[in-house]
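Visitor: Could you look at this predicted model? Sequence included:
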Amino acid sequence: MIRLWIGLFIAFAIYTCMVYYYCDKSQKTEISPSSNALVGWNIWQNKNCQSCHQIYGLGGYMGPDLTNLASDTTKNDLYISSFIKYGTAKMPNFNLSDSEIAKIVSFLKWVDKSGKNRVSKEKVTWTGNYKLDN
Amino acid sequence: MKSNIRIYIISALILLLTTLIFGLLATWAFLFPEVYNKFLPFYQLRPFHVSAALFWIITGATASILFYKKETFANGKNSSALLETGFMVIWLTTIAAIFICYGLKMFGGREYWEFPPILCLPLLISWILLMFSFYVPLFKSTGKKPMYIWMWATGILFFLITFVEQNLWQISWFRASYLKEITVQWKSNGAMVGAWNQMIYGTSLYLMVKISGDENIAKGKTAFFFYMLGLTNLMFNWGHHIYNVPTAAWIRDTSYIISMTEWVFLIRMIQSFKKTLEQRAKLRHLLTYRFIIAAEFWVFMNLLLTLSISVPAINLYTHGTHITVAHAMGATIGINTMILLASFTYILKIDDLKGRVSRFLSFSYWLSQFSLSCFWIALIVAGLIKGYRTVESCKLNFQEIMEPVLRVMKVFSYAGVFLVISIASIVIVYLYNAIKLKEFQTQIEI
Ligand code: HEM
């Protein structure tokens, strides 16, 4: 029993290292965030934006998913910034400064480059699994 | 009864009440943000609710383990009382500090653990104390251990591992790529659920041994096989949270394959259905048993749901919708909370209560099962509508997609009111008993 347990644990440890080192190798460009994006990421966390918004479908469900907002051609930077600056009836106004908002926007742009949130139906293979490429 | 465990159990029950109240408030804030944004916005209520829920589960599970520890390998002795008290004091004080931070709108913004990360430090210290108080007497004791002790030991160890992993984002290497960060975050979140499930399923197994008097259910090859299967799922099955994230394909493949082994649990439940019915005829007068049976029912229902959404082709529709919430709350209420209530029923000798109180508990029990069913189905319907409209009607904007979803969420909120009333009634009786009870039992009469 103990030996089987230890075997499984070692497999888990190896798998964990593989995940840490190789999980993002499929991404080709702009993997690292700029310093602005990093600050924007912290503001995103400190204001708890993810309690209402999702990135890659993960987060709260009150607001829309924002993964690919930055590449939405119908919505430019000004649109995004004014949304964050003034809020709406449903989204609160966080009284953020213009520079803080700009940093959140650069965070969202960086996230957008990491991939697409929605998987199109064509990507589903006969096994029921996806075939994703960036 | 020892006063430290008494206070700890009372705190766990208060956390459950907090979860319920904030769940209801969060639902109203979700439906009527124009009103709630002015004084208690959703982004404050959701962390209150979700953190209270997680802390209820972990506090309830550790309370049960610390209590049963004395009945099992610690031989009635309590050589590690100081460590235990240290754990409880630091753990509960930190939870209080976390709620104060939420009140002051101070967040750390991680999913489910939304408090400033510095507070993870006292939580970690307290957990290490718990580990010493559990493992030292365990390793000193001799003899072959039944499966529930393995499960408790595994749950406690993996909680530590996943908790540390959850905090790796504070090292900049993990933050140098969004895909890596999100993968590690959901690897740890997913496996942590497996860790507390080990603690809770262990508790359920222990209770079944106690009330049926049959030691064999926690021994032998079958029990070990299912334990190992659970552990394998804990380690490798977390990838279903991030199927849509363009990480390495083998993460998706591993998770998909391992998830499908859960069919074995489902088939096993169907096979043992007849035995369950026979057992039920003998034990159903015990509320402890009825809570365990409720949990079994919810395991079955949640397995059906989990198996479906673990197929990527279906996950495409369900990911990022309230189906995920149905999965999360279906399991944390239907399975975890029911088993913990069974455990507290046993510890607080609720089965000894007769007459009006017993009838009241029976009624609340059935009301909770009925309202939970409506609650769960409403979430699934809400999720299906959002999933379908998002995938099939790309032209709709967010407000248009959500319009019918919000209507279903109103039904959810009505079911929620009854769920809160029923579980809160049970909790209040238990709280009263926890305060009143002179001696904590070690054996139950059947
Ligand atoms: C024992 C009781 C409960 C437990 C353990 C529990 C647990 C949870 C958990 C783990 C989540 C996170 C789900 C996710 O993000 O996928 C959640 C979310 C939520 N729960 Fe509960 N819950 C309980 C009772 C309730 C009740 C009674 C209500 C309402 C009447 C409620 C309303 C909500 C809402 C609105 C959310 C947020 C969903 C969103 O992000 O949009 N919960 N709960």
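Guide: Ah, there it is. These numbers come from a predicted model, not from an experiment.
Visitor: List the contacts of residue 48.
Guide: No chain specified, so I'll use chain A. B:43-44, B:47, B:107, B:109, B:114 (C-beta atoms under 8 Å, 6 or more residues apart in numbering or on different chains). (C-beta placed from N, C-alpha, C; glycine too.)
Visitor: that's the wrong chain, I wanted chain B
Guide: Contacts of B:Phe48 (C-beta under 8 Å, 6+ apart): B:18, B:22, B:25-26, B:99, B:102.
Visitor: Repeat the analysis, applying 6 Å as the threshold.
Guide: Neighbour list for B:Phe48: B:22, B:102 [criterion: C-beta atoms under 6 Å, 6 or more residues apart in numbering or on different chains].
Visitor: And for B:Pro41?
Guide: Per C-beta under 6 Å, 6+ apart, neighbours of B:Pro41: A:Pro92.
Visitor: tell me which helix or strand of the chain sits lowest on mean pLDDT?
Guide: No chain specified, so I'll use chain A. helix A:77-86 (a mean of 91; mean pLDDT, DSSP states H and E).
Visitor: wrong one, I was asking about chain B
Guide: Per-SSE averages on chain B (mean pLDDT, DSSP H and E): minimum helix B:273-283, a mean of 73.
Visitor: how about the helix or strand that that helix is followed by: buried residues?
Guide: Sequence order places helix B:287-309 as the next helix or strand after helix B:273-283, per DSSP states H and E. Across helix B:287-309, burial judged by 16 or more other C-beta atoms under 10 Å in any protein chain shown covers B:287-299, B:301-303, B:305-307, B:309.
Visitor: Ok, stretch B:399-417 next?
Guide: B:401-402, B:405, B:408-409, B:411-413, B:415-416.
Visitor: could you pull out the strands for chain A?
Guide: Counting by DSSP state E, one finds strands in chain A at the ranges A:54-55, A:58-59.
Visitor: coming back round to it: next, the residues that contact the least confident helix or strand of chain B from outside, please.
Guide: By C-beta under 6 Å, 6+ apart, helix B:273-283 touches B:Tyr289.
Visitor: Give me the nearest residue to B:Tyr206, chain neighbours excluded.
Guide: B:Tyr148 (4.2 Å; C-beta to C-beta, 6 or more residues apart in numbering or on different chains).
Visitor: Give me the distance between that neighbour and the ligand.
Guide: 22 Å (C-beta to the nearest ligand atom, to the nearest Å).
Visitor: do B:Cys394 as well
Guide: 23 Å.
Visitor: And for A:Gly57?
Guide: Distance, A:Gly57 to the ligand, using C-beta to the nearest ligand atom: 11 Å.
Visitor: what does B:Met301 give?
Guide: Taking C-beta to the nearest ligand atom, one finds B:Met301 at 16 Å from the ligand.
Visitor: what residues are up against that residue?
Guide: So B:Met301 contacts nothing (C-beta under 6 Å, 6+ apart).
Visitor: In chain A, where is pLDDT below threshold?
Guide: A:29-30, A:133-134 (pLDDT under 70).
Visitor: Nearest to chain A within the stretch 51-200 of chain B, name that residue for me.
Guide: Nearest to chain A, among the residues of the stretch 51-200 of chain B, is B:Gly109, at 2.8 Å (C-beta to the nearest C-beta).
Visitor: tell me the secondary structure for that residue?
Guide: coil (DSSP: H, G, I helix; E, B strand; the rest coil).
Visitor: A:Gln45 is in contact with that one, correct?
Guide: Yes: taking contacts as C-beta atoms under 6 Å, B:Gly109 lies within contact range of A:Gln45: 2.8 Å.
Visitor: how near is the residue nearest the centre of chain A to B:Phe297?
Guide: Central residue of chain A (C-alpha atoms, centre = their mean): A:Ile55, 4.1 Å from the mean position. A:Ile55 is 35 Å from B:Phe297, where distance means C-beta to C-beta, to the nearest Å.
Visitor: Over to B:Leu207?
Guide: B:Leu207 is 16 Å from B:Phe297, where distance means C-beta to C-beta.
Visitor: again, but for B:Gln166
Guide: Taking C-beta to C-beta, one finds B:Gln166 at 31 Å from B:Phe297.
Visitor: what do you get for B:Leu168?
Guide: Taking C-beta to C-beta, one finds B:Leu168 at 37 Å from B:Phe297.
Visitor: Around A:Asp98, how many other residues sit close by?
Guide: Look at A:Asp98: counted by other C-beta atoms under 10 Å in any protein chain shown, it has 9 neighbours.
Visitor: An error on my part: the question was meant for A:Thr73.
Guide: Tallying neighbours of A:Thr73 according to other C-beta under 10 Å, which is how burial is gauged here, yields 5.
Visitor: Now B:Ala153: closest residue in space, sequence neighbours ignored.
Guide: Spatially, and ignoring its direct neighbours in sequence, B:Ala153 is nearest to B:Leu138 (6.5 Å; C-beta to C-beta, 6+ apart).
Visitor: what does B:Asn336 give?
Guide: Per C-beta to C-beta, 6+ apart, closest to B:Asn336 is B:Ile57, 5.0 Å.
Visitor: And the pLDDT for B:Lys210?
Guide: pLDDT, B:Lys210: 88.
Visitor: Confirm that the residue nearest to B:Tyr206 sits in a helix.
Guide: Yes: with three-state DSSP as the criterion, B:Tyr148 is located in a helix.
Visitor: show me the contacts for it.
Guide: Per C-beta under 6 Å, 6+ apart, neighbours of B:Tyr148: B:202, B:205-206, B:218.
Visitor: switch to 8 Å and redo it
Guide: Shown in contact with B:Tyr148 (C-beta under 8 Å, 6+ apart): B:202-203, B:205-206, B:209, B:218.
Visitor: again with A:Leu132
Guide: Counting by C-beta under 8 Å, 6+ apart, A:Leu132 touches A:26, A:115, A:119, A:123, B:246, B:249, B:252.
Visitor: Can you give me the neighbour number for the closest residue to the fifth one other than its chain neighbours?
Guide: With sequence-adjacent residues excluded and distances taken as C-beta to C-beta, 6+ apart, B:Pro246 is closest to A:Gly115, at 3.8 Å. The local packing of A:Gly115 (other C-beta under 10 Å) involves 21 other residues.
Visitor: my guess is A:Gly115 meets B:Ile242, correct?
Guide: No: using C-beta atoms under 8 Å, A:Gly115 is not in contact with B:Ile242; the gap is 10.9 Å.
Visitor: Hmm, B:Phe73 and the residue nearest to B:Ala153 touching each other?
Guide: Yes: counting by C-beta under 8 Å, B:Phe73 is a contact partner of B:Leu138 at 5.5 Å.
Visitor: Can you check which residues contact both of these two?
Guide: In terms of C-beta under 8 Å, 6+ apart, B:Leu138 and B:Phe73 are both contacted by the residues B:145, B:149.
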